[in-house]
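Chemist: fold the following.
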Amino acid sequence: MTAGWLVIAVGLVRAYLAKGSYHSLYYSIEKPLKFFQTGALLEILHCALGIVPSSVVLTAFQVMSRVFLTWAVTHSVKEVQTEDSVLLFVVAWTITEIIRYSFYTFSLLNHLPYLIKWARYTLFIVLYPMGVSGELLTIYAALPFVRQSGLYSISLPNKYNFSFDYYTFLILVMISYIPIFPQLYFHMLHQRRKVLSHTEEHKKSE
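Modeler: Numbering: from 1, shown residues only. Prediction:
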């Protein structure tokens, strides 16, 4: 996964240098982004099985929200793929995941550089709001196209006597960020204080 997100980062840089513009860079990394972001679903299973000591609920929300945005919004609504907001969350995700998976990799090797630990528990302060902003702006940009096309919507009457409005569902998804984002953000801030303060104390004791 570390190598995969590095491939995405290199793809973004190469496309930018070739085009001389940051517009529509999504197309240059679309396939690896879909592959490696979908592969993150295994993390939920790892948490459930106890392989990774992380919260199943928090991990599931973070992973599923990204997979949802990758497939149900950006892939499904082609018109938003050229939006700058897509690049905003892709860049935030890419930097975050390179740092996060590097952290896991070096931890498994029992040789974790302080710089990577510091980056893991510090850069999210900027990257997390950046990613969430990109996600929300992309969903917002998709709304008129979803409403016009009736994408994934089911209207009555039908034999199942069931209706579903994807446009309304996307609005509810956006609203759900209001209570959930602060919880995840402050959870990470708490983890930062806990981990980095412990590291500083360990250094002093040495």
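Chemist: tell me the SS of T122?
Modeler: Judged by DSSP: H, G, I helix; E, B strand; the rest coil, the three-state class of T122 is coil.
Chemist: longest helix of the protein?
Modeler: helix 166-205 (DSSP state H).
Chemist: quick one: buried residues of that helix?
Modeler: Within helix 166-205, the residues that count as buried by 16 or more other CB atoms under 10 Å are Y166, Y167, L170, V173, L184, M188, R192, L196. Quick note: C-beta positions are derived from backbone N, CA and C, even for glycine.
Chemist: those strands in the chain, which residues are they?
Modeler: In the chain, no strands are defined using DSSP state E.
Chemist: all helices for it, in order.
Modeler: 2-19, 26-39, 41-48, 56-68, 84-108, 114-120, 124-149, 166-205.
Chemist: nearest to L156, out of those?
Modeler: Closest to L156 of the helices of the chain is helix 166-205 (CB to CB; 14.4 Å).
Chemist: circling back to that earlier point, turn the helices of the chain into JSON lines, including distance to N158 and mean pLDDT.
Modeler: Putting these into JSON lines (distance: least, CB to CB, whole Å; pLDDT from 0 to 100) gives the following:
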{"stretch": "helix 2-19", "distance to N158": "41", "mean pLDDT": "96"}
{"stretch": "helix 26-39", "distance to N158": "30", "mean pLDDT": "97"}
{"stretch": "helix 41-48", "distance to N158": "31", "mean pLDDT": "91"}
{"stretch": "helix 56-68", "distance to N158": "24", "mean pLDDT": "91"}
{"stretch": "helix 84-108", "distance to N158": "33", "mean pLDDT": "95"}
{"stretch": "helix 114-120", "distance to N158": "49", "mean pLDDT": "95"}
{"stretch": "helix 124-149", "distance to N158": "18", "mean pLDDT": "97"}
{"stretch": "helix 166-205", "distance to N158": "15", "mean pLDDT": "86"}
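Chemist: can I get the ones you listed in CSV with distance to L156?
Modeler: Converted to CSV, the helices of the chain look like this (distance: least, CB to CB, whole Å):
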stretch, distance to L156
helix 2-19, 42
helix 26-39, 33
helix 41-48, 33
helix 56-68, 25
helix 84-108, 33
helix 114-120, 49
helix 124-149, 17
helix 166-205, 14
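Chemist: still on that earlier bit, what is the most widely separated pair among the buried residues of helix 166-205?
Modeler: With CB to CB as the measure, no two of the buried residues of helix 166-205 lie farther apart than Y167 and L196, at 43.1 Å.
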